[in-house]
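Undergrad: what follows is a predicted structure for the sequence shown.
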Amino acid sequence: MRLRFLGKHSSPNNSPALWDTDAGQYVIQGFELDPDTLAQVGDVPRGELVIRVPKELIRYLSEASHDADDGLA
């Protein structure tokens with residue numbers, strides 16, 4: 001899988017990030033959920049993770065989608 005960096009949301013001691021892939025997926029670096037929040041999600045299948053990211057990071061998804069529409073991705 002090849003990654004194309006889309007952006008990050010940095011602040012002291014953290015840097016959630018987002019990449020597009022050539023496999024029709026996104027790779028997201030985010031934060032672990034605390035046990036109480038994870039309990040609200042319920043069972044998570046083996047091999048999957050639930051993470052949280054700042055809302056500001058999601059703007060890169062829209063930009064990546066526009067690039068794909070323009071044939072630039």
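TA: Here it is on my side, so go on.

Undergrad: do a quick rundown of the helices in this protein.
TA: Applying DSSP state H to the chain gives helices spanning 35-41, 59-69.

Undergrad: out of these, which gets the lowest mean score?
TA: Note on those: lowest mean pLDDT is at helix 59-69, with a mean of 69.

Undergrad: excluding chain neighbours, what is closest to Lys8?
TA: Sequence neighbours aside, Ala17 is the residue nearest to Lys8 in space, at 4.0 Å (criterion: CB to CB, 6 or more residues apart in numbering). To be clear about C-beta, it is placed using only N, CA and C from the backbone, and glycine gets the same treatment.

Undergrad: measure the residue nearest to Ile28 when sequence neighbours are not counted to Ser62 for me?
TA: Spatial nearest neighbour of Ile28, excluding adjacent residues (CB to CB, 6+ apart): Leu18 at 5.6 Å. Applying CB to CB, to the nearest Å, the value for Leu18 to Ser62 is 11 Å.

Undergrad: low-confidence ranges in the protein?
TA: Applying pLDDT under 70 to the chain picks out residues 63-73.

Undergrad: strands along that one, start to end?
TA: Taking DSSP state E, the strands of the chain run over residues 3-8, 17-21, 26-29, 31-32, 51-52.

Undergrad: next, count neighbours for the residue nearest to Ile28.
TA: By other CB atoms under 10 Å, 23 other residues sit near Leu18.

Undergrad: and what of Gln29?
TA: Neighbour count for Gln29, taken as other CB under 10 Å: 15.

Undergrad: wouldn't it be in contact with Ala17 here?
TA: Yes - at 4.4 Å, Gln29 counts as touching Ala17 under the criterion of CB atoms under 8 Å.

Undergrad: common neighbours of those two, please.
TA: Each of Lys8 lies in contact with both Gln29 and Ala17 under the rule CB atoms under 8 Å, 6 or more residues apart in numbering.

Undergrad: fine by me, we can end here.
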